[in-house]
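Chemist: The following comprises the amino acid sequence and a computationally predicted model.
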Amino acid sequence: MSLTASRSARSRTTLRNVAVAVLSLAMLVPLYIVVVNAFKPQQEILLSPLGFDPATATTQFLQDAWTNPNFPVVSGYAVTLFLVVACNVVAIGASIPTAYVIARTPTVLFRFLLMFFVAGMFIPAQIILVPAIFVLKALHLMGTLPGLVLFMSSTMIPFTLFIFTGYIRMLPRSLDEAAAIDGASQQRVLWRIVFPLMKPIVATAFILNALSAWNDFVSPQLILGPGSSFRTITTGVYAAVSSYTTNYEIVFPTLLLAVVPILLIFVVMQRHVMSGLSAGAVKG
Amino acid sequence: MARARTARVLGRRGALGRGLMTVPAALIYIGLMVVPVGYAVYYSFTEYNGIPSQTPEWVGLKNYTRIFTDPTGDMHSSLWVTGIIAVVGAFAVNAIALGLALLLRRTTPFTAFARAVMFYPHVLSALIVGFLWQAILGPQGAVNNLLTGSGRSALPFLSDPGWALATMIAVIVWAQLGVQLVLYLAGLQAVPADLQEAATLDGAGRVQVFQHVTWPALAPTVTVTIVTSVLSLLKVYEVVLGLTNGGPGDATQTWAYEILAVSFANNKVGLACAQAMLLIVVAGILSFTIIALRRRAEEGAEALS
C-alpha cells in the first residue's frame, strides 16, 4: 500500500520534472534562434532557421551590426547606463526624504499626500508623455537628456515613494526619537540612522527602476526625438531594425547585441531581481 | 514623558523642515505627471496641432463625442483590440503563471533554473520582444520556413487579422508570465503549511486541498496579479510596434498605439489627449473595482490564517 503510494508519488515527480524541462526548453527556443542566426547569411537563415553549421558560420554580420550608424552600440549602452543611474539617483534621492516625512508624520495631511503620490502609479507613463512633452517644451528641456531623466524619474517616484514609506513605517520610531533627543537634526537622523537601515528596500527600488529605465523606448524616442545624437539601446534597435524587419542579416545580429548584456546581468543577479520584484509587490 | 519631549523637539523644528523635505519629489512629480494630466484635460477639450505658435482652439466635448461615435470607423476597433488583450491576456497569463508556480513550488536547483528561464523575457524590452517574434513568426520567419521546408503550407501568424491578434496575445503572455509567476511563488510561500498538512491528513485530495486551502489563501496575491496584469495589458504599445506595427490593417492596433502612433503622430494633440484621459480613467476605475471586488475574497484569506 505505502509502496504503491510512494511509487506513484515518485512517478508524479518524474512527470512534473519532464513537464518543467519541456516548458523551459520551449521558453528558450526564441533565444536559441537569435543566437544561431546571428552568425548566418540570409539564405541559410531562410533555408534552415534552426541549424548551425560551424563551417559557414561568420561574425561578419555581427561586425556590420556593431558598426551600423543607426545603432551606435557603445554609445547606446553608455546613454542607457547613464539613464539607469541618473533616473535612480533622482527618483530615490527625492523619494527618501519625502517618504521619511510621510512615514513619521501620522496626520491626515501627510496621509493625503501619500495618496496623492500613489495615484501616479495608475497613470501609464507612455500615455502621460504626450502632454508632458508640452511641459518639457515650456521648460526648454525638450530634446535634452536632463528633460528625459526628469520625466522618467517622475514616473518612478510614485512606486519608489510608496514602498519606501511602507518600509520606514516598519522601522522603530524609538531610533529617531533617541537621536532627536541627543540633538541630531532631522536631516542627520534621516541620512545617518534611517537611510543605512533602508538598504534592502533601496536595492529593490533600484533594480525595478533600472529595468524600466533600461527597457523604456517611448520616452527616449519621443523626448530626445528620432533624429537625436543620443540613442539608447531600444531607440537604436528601432532605428536599425524597423525598416528592415525581413533582412535577417541585420535583425538577428542587432537583437543579439541588444539582449546579451542584459541577459548576462540577469543571470548574475537573477535572485535579486526576482526577490526584489516579489518584495516590491508585497509592499505594494 | 520622553515621547512628549521628542514630540516638542520635533514639533519645534517642525512643519517647515518637514514640508521642505517633500519639495524635491513633489516638484518633479507635480511638474511632470500632475501638470501634464492637467494639460491633457485642457487639451482634450480643444483642437490643437501641437505647434507652439498656434493656440489650442476650444471645441468642448467634440473630441470625446468623436471617440464615442467614431464617425470615421477607425477607433472602436482599437478599443475592442485593447479589451480583448486585457481580458484574454490577463486570464491566460494568470492561469499559466499559477500553474507554473504550483509546478515550481519546491525550491531545488532544477526549479530555481526553471524559474529563471520562465522569467528572462521580462528583462528584455517589449520592443525587442516584438522584433524577435516578428522574425520567428513573420511570413518569412523561422517557423514558416520550417513548415514550407517540410512540404507543409505556411501559417498566417501575423498576416491574418484574427491570427495576428491571437499571436500578439501569445507573445505578450510569453513575455509577462514570469512576473506573475514570481508573485504567485511568493504568495504560495505564505499559504499556511500546517493547514495543507491537516487537510491532507483528513483525507482531502490534491484538488480539494487546492480548492479549499491553497486558492483561498492566495486571495491577496490574486488581487495584485490581476491588477498589475490588467494595468500593463491596457497600455500595450511597444510590442505592437515591433511585432505587427498595428497590422494587418488595424487588426492589432491597441488604444495606446492609437494615441501615440495615430493621433499624436498626425499632430492631433487634442484628440490624443482625450484618448489618453479615457485610458487613465478606465485604468483607474478598473483597478479600484477589482480591488473592491477582491476584498471579500481577501477577508476569507485572513480568516484562514
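Modeler: Received, thanks. Given the structure is predicted, the values throughout are model-derived calculations rather than measurements.

Chemist: Below-threshold pLDDT in chain B: ranges please.
Modeler: Residues of chain B meeting the criterion pLDDT under 70: B:1-14, B:304-305.

Chemist: As a check, name the ranges of all strands in it.
Modeler: Using DSSP state E, the strands of chain B run over residues B:46-47, B:57-58.

Chemist: on contacts alone, who are the packing partners of the first one?
Modeler: With contacts taken as 3 or more C-beta pairs under 8 Å, 6 or more residues apart in numbering or on different chains; DSSP states H and E, strand B:46-47 sits against strand B:57-58. To be clear about C-beta, it is placed using only N, CA and C from the backbone, and glycine gets the same treatment.

Chemist: helices or strands up against the strand it packs on?
Modeler: strand B:46-47.

Chemist: Out of the strands of chain B, indicate the one that is most buried.
Modeler: Of all those, strand B:46-47 carries the top mean neighbour count, a mean of 18, counting by mean count of other C-beta atoms under 10 Å in any protein chain shown.

Chemist: still on that earlier bit, kindly reformat the strands of chain B as JSON lines containing distance to residue A:16.
Modeler: JSON lines is the format used below for the strands of chain B (distance: least, C-beta to C-beta, whole Å):
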{"stretch": "strand B:46-47", "distance to residue A:16": "59"}
{"stretch": "strand B:57-58", "distance to residue A:16": "64"}
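
Chemist: Can you check what pLDDT the model gives the residue nearest in space to the middle of chain A?
Modeler: Nearest to the geometric centre of chain A sits residue A:211, at 0.5 Å (C-alpha atoms, centre = their mean). Note on residue A:211: pLDDT of 91.

Chemist: Below-threshold pLDDT in chain A: ranges please.
Modeler: A:1-5, A:280-284.

Chemist: now the helices for it?
Modeler: A:2-37, A:42-47, A:60-67, A:73-104, A:108-118, A:125-138, A:145-170, A:173-181, A:186-188, A:195-197, A:199-215, A:218-224, A:233-241, A:248-283 (DSSP state H).

Chemist: what about residue 134, how many residues close to it?
Modeler: Just so you know, I chose chain A. Residue A:134: 21 surrounding residues under other C-beta atoms under 10 Å in any protein chain shown.

Chemist: meant chain B actually
Modeler: 24.

Chemist: and if you look at residue B:214?
Modeler: Counted with other C-beta under 10 Å, residue B:214 comes out at 20.

Chemist: quick one: contacts for it?
Modeler: B:188, B:191, B:196 (C-beta atoms under 8 Å, 6 or more residues apart in numbering or on different chains).

Chemist: and what of residue A:147?
Modeler: A:136, A:139, A:141, A:223.

Chemist: The third one touches residue A:150, doesn't it?
Modeler: Which is residue A:141. Yes. Using C-beta atoms under 8 Å, residue A:141 is in contact with residue A:150, at 6.7 Å.

Chemist: For those two, work out which one has more neighbours and name it.
Modeler: residue A:150 (23 against 18).

Chemist: how about that one, what does it touch?
Modeler: Counting by C-beta under 8 Å, 6+ apart, residue A:150 touches A:90, A:136, A:141, B:28, B:31-32.

Chemist: farthest pair in the residues you listed?
Modeler: Spanning the widest gap among the contacts of residue A:150 are A:90 and A:136, at 14.9 Å by C-beta to C-beta.

Chemist: Output the contacts of residue A:147 in CSV; the columns should cover distance to chain B.
Modeler: CSV is the format used below for the contacts of residue A:147 (distance: C-beta to the nearest C-beta, whole Å):
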residue, distance to chain B
A:136, 8
A:139, 8
A:141, 10
A:223, 11
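
Chemist: ok, back up a step: among the strands of chain B, which comes closest to residue B:220?
Modeler: strand B:46-47 (43.1 Å).

Chemist: Contacts made by that closest one with the rest, please.
Modeler: Here strand B:46-47 makes contact (C-beta under 8 Å, 6+ apart) with B:56-59, B:62-63, B:270.

Chemist: ok, how many other residues are close to the closest residue in space to residue B:169 that isn't next to it in sequence?
Modeler: Spatial nearest neighbour of residue B:169, chain neighbours left out: residue B:89 (5.2 Å); criterion: C-beta to C-beta, 6 or more residues apart in numbering or on different chains. Residues lying near residue B:89 (other C-beta under 10 Å) number 23.
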